[in-house]
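quick one, what's the 3D model for this:
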Amino acid sequence: MSLEEILFESEAAMEKAAGYLKNELRGVRTGRASTAMVEYLKVDCYGAEAELRSLAVINVPEASSILIKPFDPGTIKDVARAIEKAGLGLNPIVEGKQVRLNIPPLSGERRQQLVGSVKQMGEQTKVAIRNARRDAKKHIDQAVKDKSQHLSEDDGSGAHDEVQRLLKNYETQVDEIVAQKTKEVQEI
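Numbers count the residues shown, from 1 in each chain. Below you'll find the model as predicted:
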């Protein structure tokens, strides 16, 4: 593998980790209702699991509630059961052919728990980014050892520096994402 391929793969892995964090944090509850809180929930219906967003229309009619209208009214009990099992602290209310979720205001203690959870997700993402760096360094060292690639020690050192720069860049990005979400969770 060439140095360019190694750097490209490590950056792609780091970008994927940061993207995953952004996606996961969309589901973390803040003080206001958001469709992202429930749209990726897995609902067990028709003998298989499907994401809620593929089974229903989800909207936010007011700042403190979410309205879910399943395409098939027969799945309404499955949707309500999935929301209860998700551990979001929300109580689904079945109203005819739709499910309403009232979002209660967060207590100070719950906000702190969510902040801790957000920080933990950030740390897990940093670990994934560091693993990408470790793998890239291993591949660079192997490429320098492998004489068929005609790479000098200086080429390897430069590639190591580039991987380290990528790591710092993505760690900073993760810190910014976590800080932004923490601020959102703590807003009253």
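
going by C-alpha atoms from here, please, whenever you check contacts or count neighbours.
Noted.

using CSV, write out every CA atom in stretch 102-122.
Extracted C-alpha coordinates of stretch 102-122, given in CSV (Å, rounded to 0.1, in the frame of the first residue of the first chain):
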residue,chain,number,x,y,z
ASN,A,102,-45.0,14.5,25.5
ILE,A,103,-41.5,15.7,26.2
PRO,A,104,-41.2,16.6,29.9
PRO,A,105,-38.7,19.3,30.9
LEU,A,106,-35.4,17.8,32.0
SER,A,107,-34.4,17.9,35.6
GLY,A,108,-30.9,19.2,36.6
GLU,A,109,-29.9,15.7,37.5
ARG,A,110,-31.0,14.2,34.2
ARG,A,111,-29.2,17.0,32.3
GLN,A,112,-26.0,16.1,34.1
GLN,A,113,-26.5,12.4,33.3
LEU,A,114,-27.0,13.3,29.6
VAL,A,115,-23.9,15.5,29.6
GLY,A,116,-21.9,12.6,31.1
SER,A,117,-23.3,10.3,28.3
VAL,A,118,-22.4,12.8,25.6
LYS,A,119,-18.8,13.1,27.0
GLN,A,120,-18.5,9.3,27.1
MET,A,121,-19.6,9.1,23.4
GLY,A,122,-17.0,11.7,22.6
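
could I get the average pLDDT for that stretch?
Average pLDDT, stretch 102-122: 86.

quick one: contacts of it?
Under the criterion Cα atoms under 8 Å, 6 or more residues apart in numbering, residues 21, 25, 28-33, 64-66, 90-92, 174-175, 178, 181-182, 185-186 lie in contact with stretch 102-122.

try 7 Å
By Cα atoms under 7 Å, 6 or more residues apart in numbering, the surrounding residues in contact with stretch 102-122 are Leu21, Gly31, Ala33, Ser64, Ser65, Ile66, Leu90, Val174, Val178, Thr182, Val185, Gln186.

in three-state terms, label the third one for me.
Think Ala33. Reducing the assignment at Ala33 to three states with DSSP: H, G, I helix; E, B strand; the rest coil gives coil.

list the contacts of it.
Counting by Cα under 7 Å, 6+ apart, Ala33 touches Val60, Ala63, Ser64, Ser65, Ile66, Ile103.

counting neighbours, which of those residues comes out on top?
Neighbour counts for these peak at Ile66, which has 22 neighbours (criterion: other Cα atoms under 10 Å).

next SSE downstream of the top helix by length along the chain?
Looking across the chain with DSSP state H, the single longest helix is helix 108-145. Following helix 108-145 in sequence order, the next helix or strand is helix 153-186 (DSSP states H and E).

for that following helix, name the packing helices and strands.
helix 3-26, helix 108-145 (3 or more Cα pairs under 7 Å, 6 or more residues apart in numbering; DSSP states H and E).

if we can go back for a sec, what's the closest of the contacts of stretch 102-122 to Arg130?
When these are compared for distance to Arg130 (Cα to Cα), Val174 wins out at 12.2 Å.
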